[in-house]
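**Student:** model this:
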Amino acid sequence: MEPGTIILKKQTEPPGGEGFTVTYDFDGSGSFTIYDGWTETIPNVPPGTYTITETVPANWDLTDFQCETDDPEDTSGLNGNVATIDLDAGETITCTFTNSEWGTIALHKVTDPPDGVTFSFASNIFGAWSFTLDHCTTLSFTVPAATYTVTETLPFGWSLSNFACETDDESDTSSLSGNQLTVDLDPGENITCTLTNSGWGTIFLHKATDPPGGAGFDFLSNFDFLRPPEFPLDPEFTLDHCTTLSFTIPAATYTITETLPVDWYLAGFDCETDDLDDTSTWQGNVVSIDLDVGETITCTINNSQYGSIVLRKRTVPPGGTGFEFTNPFGIGPPSLSINDGDTLHIPFVPAGKYSVTEADPTPFGFDLIEVDCEDPDGGSSVDLGARTVTIDLDAGETITCTFTNGIPPVPVGGIAVPVSKLGLVAPWLGLAALASLAVLTIALVRRRGG
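**Tutor:** Modelled structure (predicted):
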């Protein structure tokens, strides 16, 4: 029978592999060492079935064996590291052995801030089903090329915040999803992946009310939006005066919206922290807190109860109308109008000092003769000459100020007689005639003097 020809080739991934020993049983038996790019032609081989066994070096795998031949019924194949070649009469068969080098995965741990916490992992890396890493520690695994998954068990108070792999493979597809790392390891590749964990921070929220004793202040936050499902947190909560709640959550910027009771307002917001670049702030009833990695920040939310101011008008004699006042309270028109016997109640006034001035001249010759303020702590003051009262309103306080106006005294017989007393001089006169009497008296005085 016509002999055939066997051509053997070696290919490695990555290129350059060497030191592969091959043992054969055709043309007797023997062995030789081959390397990447090697080709060996063995002519005049009798037809038959032959075996070629490769001794695979450490950290290499015989990953492929392909034969090219014109024989459509060729049965050549590979079992482990033993190749079987089916050679027919007159056949030339070319068989290529492909070896792939193992790669190395290095996992490096970094924590922010540095801490003694130990992080546990589970993987599908052979022989490394579970392992642990601490801050600034590294583990290496030399394994066959494949896609591997590494899952980190996150302790409470920590997030897997960053992931970066260094490799010469420009087409590397390693990625991170949640707390699971997927590593794409190619033959001969060395890849170093750094897993960075960030410590959560803690927000302390303290409530203070003026006056003390305010209760039932409800809040809605987004404290739960980065917190993992295994550590649930209710974003809604309630604070009373002198109560404090703490929240340990991942670093981020958070917002808290306070639902204000009808007679309260958010009067102040202050945070204590070691972060010199803290940007926590508030506007209206919304608080924004800037929480950094590992930071502890204590924020006090101050609520004040609105006060109220009551303005009353009294005239002597009764019946005066059209008295105008400035309105410094930011509620309603810029000026206020009031008549004798009227009471103006101004609610929902924040604590502070307010100046109320009565317009001059007053209607119908009425002068401001008295201002009396009922102030529980006596902090308000009156400047009668300037027609002004300065109201010192405390949180939750009600202050009532009565403005009394009277018509100036009328000269009678050279004596200034208050209008309210003219009824004693001429009791048969009605108030309607008093003005005429005053004019007549003035005219007589002037005439005598002339």
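**Student:** setting aside sequence neighbours, what's the nearest residue to Pro43?
**Tutor:** What sits nearest to Pro43 in space, not counting adjacent residues and going by C-beta to C-beta, 6 or more residues apart in numbering, is Thr5, at 4.9 Å. (C-beta placed from N, C-alpha, C; glycine too.)
**Student:** surely the one you found touches Pro47?
**Tutor:** No: at 11.2 Å, Thr5 does not count as touching Pro47 under the criterion of C-beta atoms under 8 Å.
**Student:** tell me the secondary structure at Phe269.
**Tutor:** strand (DSSP: H, G, I helix; E, B strand; the rest coil).
**Student:** what's the pLDDT at Gly365?
**Tutor:** Predicted confidence (pLDDT) for Gly365: 78.
**Student:** gap between it and Leu384?
**Tutor:** Per C-beta to C-beta, to the nearest Å, Gly365 is found 17 Å from Leu384.
**Student:** buried ones in stretch 241-253?
**Tutor:** Judged by neighbour count using 16 or more other C-beta atoms under 10 Å, the buried positions of stretch 241-253 are His241, Phe247, Thr248, Ile249, Pro250, Ala251, Ala252.
**Student:** tell me the bridge partners for the fourth one.
**Tutor:** On the basis of DSSP bridges, Ile249 takes part in beta bridges with Gly201.
**Student:** in contact with it, which residues?
**Tutor:** For Ile249, the contacting residues are Trp200, Gly201, Thr202, Ile203, Phe223, Leu226, Arg227, Leu233, Leu291, by C-beta atoms under 8 Å, 6 or more residues apart in numbering.
**Student:** before we move on, the earlier item: CSV for the buried residues of stretch 241-253, including pLDDT and distance to Thr296?
**Tutor:** CSV is the format used below for those (pLDDT from 0 to 100; distance: C-beta to C-beta, whole Å):
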residue, pLDDT, distance to Thr296
His241, 97, 23
Phe247, 97, 11
Thr248, 96, 9
Ile249, 96, 12
Pro250, 95, 14
Ala251, 94, 12
Ala252, 95, 15
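**Student:** pick out whichever of those residues sits closest to Asp186.
**Tutor:** Pro250 (34.0 Å; C-beta to C-beta).
**Student:** look up which helix or strand the closest residue to the closest one other than its chain neighbours falls in, please.
**Tutor:** Nearest non-adjacent residue to Pro250, counting by C-beta to C-beta, 6+ apart: Leu226, 4.2 Å away. Here Leu226 sits in a region with no helix or strand, counting by DSSP states H and E.
**Student:** measure Leu226 to Trp158 for me?
**Tutor:** From Leu226 to Trp158 the distance is 12 Å (C-beta to C-beta).
**Student:** out of those two, which sits in the busier spot?
**Tutor:** Taking neighbours as other C-beta atoms under 10 Å, Leu226 and Trp158 compare with Trp158 leading, 19 against 13.
**Student:** would you confirm that that one contacts Pro113?
**Tutor:** No: taking C-beta under 8 Å as the definition, Trp158 is not a contact partner of Pro113, at 10.9 Å.
**Student:** overlap in contacts of the two?
**Tutor:** With contacts defined as C-beta under 8 Å, 6+ apart, the residues shared by Trp158 and Pro113 are Gly199.
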